[in-house]
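[1] using only what follows, build the 3D model:
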Amino acid sequence: MFTRKTRLLTMVLSILALSGCASGFKATYDHDPGHDFSGYKTFAWISEHPMIIGETNRIPNPLLETRIMQAIEDGMVTRGFSKAGASEAADFVLSFTVGSREEIRVDSYPATYSGYGYPRGWGWGGPYYGMGTETTVRQYQKGMLALDVFDASEHRPVFHAVATKSITESDRKKLDETVQAAVDAILEGFPPQ
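    Model prediction:
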């Protein structure tokens, strides 16, 4: 028998688990497996304006750069890194790319009789072949944020991560939360273990 405390704890843990999945960003990571990240203490931006505009079908929001920079800086500090005053004084430097594109998803499935659940033309006396199909087409925008980490002394890339998600109207209205969710997904893999 569950006690009231057990039920409350279960409910809180379920909410936390769902909120962790709510961002919807999927991240992929790549890094130089021979590179030692353990000596990294300080970071800087590769330039004053580190945002690169990737493939996109929309005019990029110039205010994104500052939001993304701040979210990445906060994430790096949370992971124990300090921001250096200049790229020459840093152990690693950062740049990021933003982009989006329209995508189309087409789904086809056998048409069904209303209320019966059997494919059209299938059943008593109906042909077993030549069933009709129903097709749905959905157009959506896929957003992307990529982070690149370069070793400052060797002047070469050592880490790359990309977070992608189908962008909704809610994501556009809550831009700070969307940026934070993308950055969190990316930084989950840095430094590589």
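[2] so which residues of the protein form helices?
    Under the criterion DSSP state H, the chain contains helices at 4-21, 64-78, 169-173, 175-187.
[3] residue 87 and residue 44: what is the separation?
    As defined by C-beta to C-beta, to the nearest Å, residue 87 lies at a distance of 4 Å from residue 44. Using the backbone N, CA and C atoms, a C-beta is placed for each residue, glycine as well.
[4] mutual contacts of these two, please.
    For the pair residue 87 and residue 44, residues contacting each of them under the criterion C-beta atoms under 8 Å, 6 or more residues apart in numbering are 93, 152.
[5] which parts of the chain are strands?
    26-31, 42-45, 51-53, 82-83, 92-110, 133-151, 156-167 (DSSP state E).
[6] elements contacting the third one?
    Read it as strand 51-53. For strand 51-53, the packing partners by 3 or more C-beta pairs under 8 Å, 6 or more residues apart in numbering; DSSP states H and E come out as helix 64-78, strand 92-110.
[7] in the shortest one, what's buried?
    The one in question is helix 64-78. 64, 65, 67, 68, 69, 71, 72, 73, 75, 76 (16 or more other C-beta atoms under 10 Å).
[8] list just the nearest of those residues to residue 175.
    Proximity of these to residue 175 (C-beta to C-beta) peaks at residue 67, which lies at 6.9 Å.
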